[in-house]
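K.L.:
Using only what follows, build the 3D model:
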Amino acid sequence: MATWDLSQTKLHVLFCNGSSCNNWGAEEVTQAIRDEVSKRNLDNLVHTTRTRCNGRCDDRCVAVVYPSGDWYKGLEPEDASSFVNSLVLNRDLTGKISHTFTGDGFVREEGISKGIAKDPIKVKKVSKKF
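P.N.:
Okay, the predicted model is just below:
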């Protein structure tokens with residue numbers, strides 16, 4: 001296992017590699033974007049991580065970018081260049097952002113499925129363990 005020096009990191013991109021996203025090409029999306037980051041010599045600025053399910057299966061393939069808190073949906077390998085542009089050049093990746101963090105919570109873009117509410121009883125049981 002590697003221990004990366006993240007002292008120059010400005011952005012952290014989390015790629016959903018849960019089963020729904022993987023069935024729709026999440027691994028290919030992850031690799032295409034990682035290749036684009038490397039091609040542009042941005043590896044020290046952009047750190048990427050594969051996750052399991054991020055709970056937005058209808059939006060597959062999903063990536064989450066921090067610190068902005070932008071959630072991207074419907075990513076495909078051919079979006080790699082545009083995606084990296086959106087990260088480093090602050091260019092809009094039209095139609096691909098589903099949620100944005102405002103400081104008070106996440107704002108859902110128009111036309112994006114609200115999803116189902118988390119069961120407060122289950123959430124309370126889990127949070128008591130921590």
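K.L.:
Now find how far off-centre the helix or strand hosting residue 86 is within its chain.
P.N.:
Assigned by DSSP states H and E, residue 86 belongs to helix 80-88. Relative to the centre of its chain, helix 80-88 is centred 13 Å away, using CA atoms, centre = their mean, to the nearest Å.
K.L.:
Quick one: list the elements packing against that helix.
P.N.:
In terms of contacts (3 or more CB pairs under 8 Å, 6 or more residues apart in numbering; DSSP states H and E), helix 80-88 is packed against helix 26-39, strand 46-51. In short, each C-beta sits where N, CA and C put it, glycine included.
K.L.:
and those, which is most packed in?
P.N.:
When these are scored by mean count of other CB atoms under 10 Å, the highest mean neighbour count falls to helix 26-39 (a mean of 18).
K.L.:
Tell me what angle that helix forms with helix 80-88.
P.N.:
60 degrees (axes from the mean of the first three to the mean of the last three CA atoms, to 10 degrees).
K.L.:
for helix 26-39, what is the average pLDDT?
P.N.:
Helix 26-39 shows a mean pLDDT of 96.
K.L.:
outside of that helix, which residues touch it?
P.N.:
Applying CB atoms under 8 Å, 6 or more residues apart in numbering, the external contacts of helix 26-39 come out as 13, 15-18, 43, 46, 48, 50, 60-63, 75-81, 83-84.
K.L.:
picking up where we left off before, can I get the helices and strands packed on helix 80-88 in JSON lines with distance to residue 67?
P.N.:
As requested, these are arranged in JSON lines below (distance: least, CB to CB, whole Å):
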{"stretch": "helix 26-39", "distance to residue 67": "17"}
{"stretch": "strand 46-51", "distance to residue 67": "12"}
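K.L.:
dump the residue contacts of the nearest residue to residue 23 once chain neighbours are set aside.
P.N.:
Leaving aside its chain neighbours, residue 23 sits nearest to residue 60 (7.8 Å; criterion: CB to CB, 6 or more residues apart in numbering). Neighbouring residues of residue 60 by CB under 8 Å, 6+ apart: 16, 20, 21, 23, 24, 26, 73, 74.
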